[in-house]
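> Any chance you could fold what I've pasted below:
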Amino acid sequence: MATLWIELPYAMSARNFLRSGVVQTLAQQHQVVVLSPLSQDPEFQREFKSPDYALEALVFYDKNTLRGLIQQSWDRVVVAPTETRELAYQHQITTHFLKFARLKREQPLLAQAQALAWWVLRTIPGLRPLTEAVNWQLLAHPYYVELHKRYPPDLVIFTHAFEWRSQSLLAHVRQAQIPAIGMVHSWDNLSSKGVIRHGFQRLLVWNEVNRQEALTFYPHYFQAAQVQITGIPQFNHYWPLRGDKSGRTAFLHQLGLDPQRRLISFFLGSRLRYPDQDLAIAQIQAHLGHFDPPAQLLVRLHPGWDSQQLAELKARFNHPHIHFNVPEIADAATPYQRGWTVGSGMVSLVTDLVRHSDVILNTSSTTTLEAAILDIPIVAIAFDRKPLPEALSCRRFLQETHYQPVLASGATRTAFSPQELITQIQSYLNDPTQDQMGRQKLVASLCGPPDGHTTARIVGVIQEILGKST
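Predicted structure coming up:
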């Protein structure tokens, strides 16, 4: 029996791997140690504590400690920006160039410090390996040495290969020379989330686009057979429901919605990244009485919105046919340590919301893929309150590397003004089959194997690695 450590840095990671059966399946044959920031949360323990596996903390250095401050400052100014810039310039990754431009405008001193560090490390021979060695020493955490004594691991699974808070765990894996598997948490990560810092035995990705990115960006780490397409557990709920509209009336009643009205669902993005999303809500509110057939709007908040911001939205958009839905932390790509709710935040709720919608609105989020799987029309919002440079505008997602296959597929429409948003919503309400072929192309290119068997594929890769190491 092998011992596995499974890193679950986000609440969403815990949802995907504990509620999909990945952990429970592996625990039938192996000793499994789940590493999560939520390990001490009482409600998290109530749902997931089990004699079949152990729940332990995922530890990283807090920036409020001296070592944490030094480590994060070193990594943020010197190591990570240098690695990212080299990757961006070598492969011309537009997303990173947009981020560099945004940082230069918003935090010019930090941008200058990063650029200077990059120039120095490129110029002075031998300095780069030294900085990397120092970084790994700063990252190393004694917690994992002690955990290793209790549960000596045969394999460590990183469900988010880019997560900086897991770098202390990765430092231990490197130091102790433990075999490891990495996973790409989201479809945009390879071109937007910095760099992979370790040559994992396997890298598990969503789709062929991700696979080619990994092989192109990291030829020094991966050969073709090492990058495998598994899909992602959260999509397991979607594939069996393609074309299935059953249960719509009961579901809409559950959310306080009117089953007699068409449903426009707006999945908000981050307020920091997209500060002007209220313009779209205001435009729809002004037009709600004119859609034909009659429609209603449900606004699903991004997990980063707080209760005060929700109260402000409700007060401003007080309308009988505008409703708000608040995600649980289980839907958040955030390393929460408290706040879990037993049995809620299920992927199935989001799945039902998407499949019972008539039009999905968003700003380049993963709901684009979810809507495409279920063949729901999608409108991407790309207008600001005032003219902005491209790096600061919400339109920048149209230039980002990961979004290019979406544009090429013809699966979505883009609203460049409030007026255009209304026109496109009405067009889809009139004929939801428009752009159906584009949605099918998007599903084929980005959504992974269309069978709902991601759990079995992930478990199979892990078993294969364990079989070769024994």
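> Now do the strands in this protein.
Using DSSP state E, the strands assigned to the chain run over residues 3-7, 31-35, 53-56, 155-158, 180-183, 202-205, 227-229, 262-267, 295-300, 322-325, 359-362, 378-381, 413-415.
> for the ones you listed, which one sits closest to Gln107?
With Cβ to Cβ, the closest approach to Gln107 among the strands of the chain belongs to strand 378-381: 26.1 Å. In short, each C-beta sits where N, CA and C put it, glycine included.
> residues in contact with that closest one?
With contact meaning Cβ atoms under 8 Å, 6 or more residues apart in numbering, strand 378-381 is reached by 274, 277, 280, 359-364, 367-368, 371-372, 394, 397, 411-415, 421, 424-425, 428, 439.
> rerun at 7 Å
The contact list for strand 378-381 (Cβ atoms under 7 Å, 6 or more residues apart in numbering) reads 277, 280, 359-364, 368, 371-372, 411-415, 421, 424-425.
> Stretch 314-334 too?
If you take Cβ under 7 Å, 6+ apart as the criterion, stretch 314-334 is touched by 10-12, 15, 255-257, 261, 281, 285, 288, 296-301, 303, 310, 313, 336, 339-341, 344-345, 350.
> One more: stretch 446-462?
20-22, 25-26, 155, 157, 181, 187, 202, 204, 206-207, 209, 228-233, 235-236, 239-240, 369, 372-373, 405, 443.
> now do stretch 27-43
Outside stretch 27-43, the residues touching it (Cβ under 7 Å, 6+ apart) are 1-9, 11, 14, 23, 26, 44, 52-58, 151, 169, 335-338, 340-342.
> tell me how far the ends of that stretch are from each other?
Counting by Cα to Cα, to the nearest Å, you get 21 Å between the two ends of stretch 27-43.
> Could I get the buried residue list for that stretch?
For stretch 27-43, burial by neighbour count (16 or more other Cβ atoms under 10 Å) applies to 27, 30-39, 41.
> and the two most separated of the residues you listed?
Based on Cβ to Cβ, the longest span within the buried residues of stretch 27-43 runs between His30 and Asp41 and measures 24.6 Å.
> Put together CSV for the buried residues of stretch 27-43, with distance to Val459 and pLDDT on each row.
Shown next, in CSV, are the buried residues of stretch 27-43 (distance: Cβ to Cβ, whole Å; pLDDT from 0 to 100):
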residue, distance to Val459, pLDDT
Ala27, 11, 96
His30, 10, 96
Gln31, 15, 97
Val32, 11, 97
Val33, 16, 98
Val34, 15, 98
Leu35, 18, 98
Ser36, 19, 97
Pro37, 24, 95
Leu38, 22, 96
Ser39, 22, 96
Asp41, 26, 96
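> Dump the residues you listed to CSV, plus distance to Ser265.
Formatted as CSV, those follow (distance: Cβ to Cβ, whole Å):
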residue, distance to Ser265
Ala27, 36
His30, 40
Gln31, 43
Val32, 37
Val33, 38
Val34, 33
Leu35, 34
Ser36, 30
Pro37, 30
Leu38, 28
Ser39, 34
Asp41, 29
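> Of all the strands of the chain, which one is nearest His96?
strand 202-205 (19.1 Å).
> Please enumerate residues in contact with the closest one?
Residues contacting strand 202-205 (Cβ under 7 Å, 6+ apart): 161, 181-184, 211, 214, 222, 226-230, 458, 461, 465.
> out of these, who's nearest Thr95?
Set against Thr95, the nearest of the contacts of strand 202-205 by Cβ to Cβ is Val184 (14.8 Å).
> Find the centremost residue of this structure, please.
Centroid-nearest residue in the chain: Ser186, 4.3 Å away (criterion: Cα atoms, centre = their mean).
> Just list the residues touching that residue, thanks.
Ser186 is in contact with Thr366, counting by Cβ under 7 Å, 6+ apart.
> Next: Val443.
If a contact means Cβ under 7 Å, 6+ apart, then Val443 has 372-373, 450 as its contacts.
> Select only the buried ones of the residues you listed in ChimeraX?
What follows is the ChimeraX syntax selecting those of those that are buried according to 16+ other Cβ under 10 Å:
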select :372,373
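> Hmm, Arg271 and Gly304 touching each other?
Yes - using Cβ atoms under 7 Å, Gly304 is in contact with Arg271, at 6.3 Å.
> With Phe267 as the reference, measure out to Ile425.
Per Cβ to Cβ, to the nearest Å, Ile425 is found 14 Å from Phe267.
> what does the worst-scoring helix or strand of the chain on mean pLDDT rub up against?
Taking mean pLDDT, DSSP states H and E as the measure, the helix or strand of the chain with the lowest value is helix 66-74, at a mean of 84. Around helix 66-74, the neighbours that count as contacts under Cβ under 7 Å, 6+ apart are 61-63, 135, 138-139.
> Glu47 reaches Val342, doesn't it?
Yes - between Glu47 and Val342 there is a contact at 4.5 Å, judged by Cβ under 7 Å.
> contacting residues around Asn135?
Each residue near Asn135 by Cβ under 7 Å, 6+ apart is listed here: 74-75, 79.
> Report how many residues lie close to Asn64.
7 (other Cβ atoms under 10 Å).
> Ok, Gly256 next?
Gly256: 10 neighbours (other Cβ under 10 Å).
> Any regions of this structure where pLDDT drops low?
The chain contains residues with pLDDT under 70 at 344-347, 468-470.
> Could you report the distance from Phe97 to Ser393?
To Ser393, Phe97 is 14 Å away according to Cβ to Cβ.
> who has more neighbours, these two?
Counted by other Cβ under 10 Å, Phe97 and Ser393 do not tie: Ser393 has more neighbours, with 20 against 17.
> my guess is the more buried one meets Asp384, correct?
Yes - assessed by Cβ under 7 Å, Ser393 is found in contact with Asp384 at 5.4 Å.
> which residues are common contacts for those two?
Contact criterion Cβ under 7 Å, 6+ apart; residues shared by Ser393 and Asp384: none found.
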